[in-house]
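Engineer: The following block contains a protein sequence and its predicted model.
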Protein chains: 2
Amino acid sequence: MGRDRHIRFTRFELEVMKALWELGRASIKELQESLPEPKRVAYTTVQTIVYRLEKKGAVERAGKAGNAHVFEPLVKRQAAHRRLIDELLNLFGGSARPLMAHLAESGKLSLDDLREAEGLLAQPGKVVTPAAPDRAAGKKRAVAGRRKAGARK
Amino acid sequence: MGRDRHIRFTRFELEVMKALWELGRASIKELQESLPEPKRVAYTTVQTIVYRLEKKGAVERAGKAGNAHVFEPLVKRQAAHRRLIDELLNLFGGSARPLMAHLAESGKLSLDDLREAEGLLAQPGKVVTPAAPDRAAGKKRAVAGRRKAGARK
DNA sequence: TACAGTTTACTACAACTGTAGTAGCCTGCC
DNA sequence: GGCAGGCTACTACAGTTGTAGTAAACTGTA
């Protein structure tokens, strides 16, 4: 019965997950060091967060590097993001429109961004219906194939 | 020039604020009753949240209706939403693009939404200064009276 | 004016979060 | 084989959040 887990991340947990998603896999130390300057906390603090994430089933130990455990995310970035977005959307009454309006108003949205989104919507392969099997909301998480950290940014 | 502080809302606080924004002004009772069925909690629970919101400066008492206090939001919905969005955006590396991609992928975005956003961007009245270095998202988090020795328990 | 019902003001408290210290277990190195 | 250091496992603790109970204050009504 290990179906969909509705893991909820706290701010700091998200911060750590973000780092882990970025790195793909990492030791506590690496995670700590990858945290942006302003939020660089004690090693053991990061450790605690990672342990909690492990208990929540958001990460897992994937071998060791010397004496240190190496962790890997079990929850996919996409899934987590989607959840966050859904929550935000819900606050806006479920519609993306007000969100877009805000984005536009605050200058966070460029015409280019819009064009790209338009392109995505137009893509026939990207059926807008929940038909995509691979990226279907993490349901059957059979952790097996892990992909390298997406090279975005 | 109400330089509004960056008040951070918890999930439930947001829920209550949402109700208050919706109603404009309301008593505890009205707020409680306006909460969507599933999250209808005890009267005093709502009361506690409202009091906390008051302490945070997010709402204020605006007269009474009979024996009951009537509360009004001090924080504007827009401001709060913007903050939330900024946070989410930050998680996405600051760019709205991945956010849009998710929205598009999950079918939350329609072409109409895009058209509308485009319209907003085109509006000359809305000076969308892309140079607005308003990315000062929460840094000097002071706010909230530091009440010392609470010595609860 | 005396009540009964409605509200308010406080108080309580456990779970969750952020932050970190400490004792001991491994490992590579001499 | 013995150490120095890096890590791991635990433990700690205060502040935040979710949830609510209770006694005292207020108010409209008979």
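Structural biologist: Structure received.
Engineer: any weak-confidence spans in chain A?
Structural biologist: Counting by pLDDT under 70, chain A contains low-confidence ranges at A:1-5, A:123-153.
Engineer: nearest residue to the most centrally placed residue in chain A other than its sequence neighbours?
Structural biologist: In chain A, the C-alpha nearest the mean C-alpha coordinate belongs to A:Arg77, at 2.5 Å (CA atoms, centre = their mean). Excluding the flanking residues, the one nearest A:Arg77 by CB to CB, 6 or more residues apart in numbering or on different chains is A:Trp21, at 4.4 Å. Any C-beta I mention is one placed from the backbone N, CA and C, and that applies to glycine too.
Engineer: next structured bit after the one helix or strand A:Ala104 maps to?
Structural biologist: Here A:Ala104, judged by DSSP states H and E, is contained in helix A:96-105. Downstream of helix A:96-105, the first helix or strand assigned by DSSP H and E is helix A:111-122.
Engineer: check whether that following helix contacts chain B.
Structural biologist: Yes: against chain B, helix A:111-122 shows contacts by CB under 8 Å from any CB of the partner chain at A:Leu111, A:Asp113, A:Leu114, A:Glu116, A:Ala117, A:Glu118, A:Leu120, A:Leu121.
Engineer: ok, of those, which come out buried?
Structural biologist: By neighbour count, with 16 or more other CB atoms under 10 Å in any protein chain shown, the residues of helix A:111-122 next to chain B hold A:Asp113, A:Leu114, A:Ala117, A:Glu118, A:Leu120, A:Leu121 as buried.
Engineer: you'd agree the third one is up against B:Leu114?
Structural biologist: What that stands for is A:Ala117. Yes: using CB atoms under 8 Å, A:Ala117 is in contact with B:Leu114, at 5.9 Å.
Engineer: Chain A: helices as residue ranges?
Structural biologist: Counting by DSSP state H, chain A has helices at residues A:11-23, A:28-34, A:43-56, A:77-91, A:96-105, A:111-122.
Engineer: Point out the most buried one among the ones you listed.
Structural biologist: Of these, the one with the most neighbours on average (mean count of other CB atoms under 10 Å in any protein chain shown) is helix A:96-105, at a mean of 22.
Engineer: For that helix, enumerate the helices and strands it packs against.
Structural biologist: helix A:77-91, helix B:77-91, helix B:96-105, helix B:111-122 (3 or more CB pairs under 8 Å, 6 or more residues apart in numbering or on different chains; DSSP states H and E).
Engineer: can we see that at 10 Å?
Structural biologist: Judged by 3 or more CB pairs under 10 Å, 6 or more residues apart in numbering or on different chains; DSSP states H and E, helix A:96-105 is in contact with helix A:77-91, helix A:111-122, helix B:77-91, helix B:96-105, helix B:111-122.
Engineer: As CSV, could you dump the C-alpha coordinates of the shortest one?
Structural biologist: What it means is helix B:96-105. The C-alpha trace of helix B:96-105 is given here as CSV (Å, rounded to 0.1, in the frame of the first residue of the first chain):
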residue,chain,number,x,y,z
ALA,B,96,8.3,32.4,-14.6
ARG,B,97,9.1,30.1,-17.5
PRO,B,98,9.2,26.8,-15.7
LEU,B,99,6.1,27.8,-13.9
MET,B,100,4.3,28.4,-17.1
ALA,B,101,5.6,25.1,-18.5
HIS,B,102,4.0,23.3,-15.6
LEU,B,103,0.8,25.1,-15.9
ALA,B,104,0.7,24.3,-19.6
GLU,B,105,1.6,20.7,-19.0
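Engineer: so how far is that helix off the chain centroid?
Structural biologist: 22 Å (CA atoms, centre = their mean, to the nearest Å).
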